[in-house]
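A.B. asks: got a predicted structure here, sequence first:
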Amino acid sequence: MRTLAVIALKGGSGKTTVATHLALGAHLRGVDTLLVDIDPQFSARDILSARETPGPECVTSSGRNVLAAQFGALSQRKELLIIDTPAGAVEAVSEAIVIADFALLVVRPTLIDLSGLARTLMLVRKLGKACAVVVNQAPVARENVEAPLVKRALKGLDYMQAPLAPVILRSRSIYQTALERGRSAEEMTDRAAAREIAALCDFVQARMAAKPDEA
Ligand SMILES: Nc1ncnc2c1ncn2[C@@H]1O[C@H](COP(=O)(O)OP(=O)(O)O)[C@@H](O)[C@H]1O
Ligand SMILES: [Mg+2]
């Protein structure tokens, strides 16, 4: 079993949107997946319980109990464990990072979010964990030209030597409407969002499959 922690110390960056999409994506690809929601708001649990068709299992837990949840997933012979984490709670986020094989950091392309990301990145580096950063809620590029906001954010991430995921998730209402019924954007007709999520799923799957010394 592999464990992925979806993190960002900043709230509203899109952790739950990304974590639920990755859990749904793995499920749709036949991977037996458990999502552990350790954010006391339990939004991921609410999202996945709204699903009308079979989907990834979701349990709630806390930073303190996340290791027990991982043991539970192991004994259930789950193939993938995804942890959705709260904002701001350094201790709970650290507990998730420590038990994960890989941390996915989610950031919006704004100055406030980037300074939050610098702190999250420091935490991941201090804990010596393999990681990648995915930019989320970016405006759609026009004729393949990124908006100045996104260009500046990418420059900032470059200064931080942040390892970037090979896909940027755009601000699209389909991410919100799909999750209202516990569905992934991959299950909707908007192919642009579906392509973004498929690319992120492929990337995460490849990174999770890599042995620690290859990561
Ligand atoms: N790519 C996106 N496009 C449009 N809305 C998004 C996107 N990602 C997140 N959102 C919205 O932004 C808000 C915060 O996202 P959420 O996933 O709950 O963040 P977090 O879990 O980090 O607090 C939610 O209303 C969500 O629907
Ligand atoms: Mg959340």
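C.D. replies: That came through fine. Ligands and ions are numbered 1, 2, ... in the order given.

A.B. asks: residue most distant from the centroid, this structure?
C.D. replies: Most distant residue from the mean C-alpha position of the chain: Glu143, 27.4 Å away (C-alpha atoms, centre = their mean).

A.B. asks: tell me the confidence at that one?
C.D. replies: We have a pLDDT of 94 for Glu143.

A.B. asks: ok, the strand or helix carrying Leu105: who's next to it in the sheet?
C.D. replies: Leu105 is located in strand 102-107, with elements delineated by DSSP states H and E. Note on strand 102-107: by DSSP bridges, its sheet partners are strand 2-7 (parallel), strand 131-135 (parallel).

A.B. asks: where does pLDDT dip in this protein?
C.D. replies: Scanning the chain for pLDDT under 70 picks out 211-215.

A.B. asks: let's see that with 90 instead.
C.D. replies: Within the chain, the ranges that satisfy pLDDT under 90 run 190, 209-215.

A.B. asks: quick one: list the elements packing against the longest helix along it.
C.D. replies: Scanning the chain for the longest helix, with DSSP state H as the assignment, gives helix 191-209. If you count contacts as 3 or more C-beta pairs under 8 Å, 6 or more residues apart in numbering; DSSP states H and E, helix 191-209 packs onto strand 2-7, helix 15-28, strand 102-107, strand 131-135, helix 173-180. C-betas here are computed from N, CA, C, even on glycine.

A.B. asks: taking the chain, what residue is nearest to ligand 2?
C.D. replies: In the chain, the residue that lies nearest ligand 2 is Thr16 (3.3 Å; C-beta to the ion).

A.B. asks: now that residue: how far from Ala8?
C.D. replies: Noted for Thr16: a distance of 10 Å to Ala8, by C-beta to C-beta, to the nearest Å.

A.B. asks: ditto for Ala210
C.D. replies: In this structure, Ala210 and Ala8 are 22 Å apart, going by C-beta to C-beta.

A.B. asks: same deal with Ala68?
C.D. replies: 24 Å.
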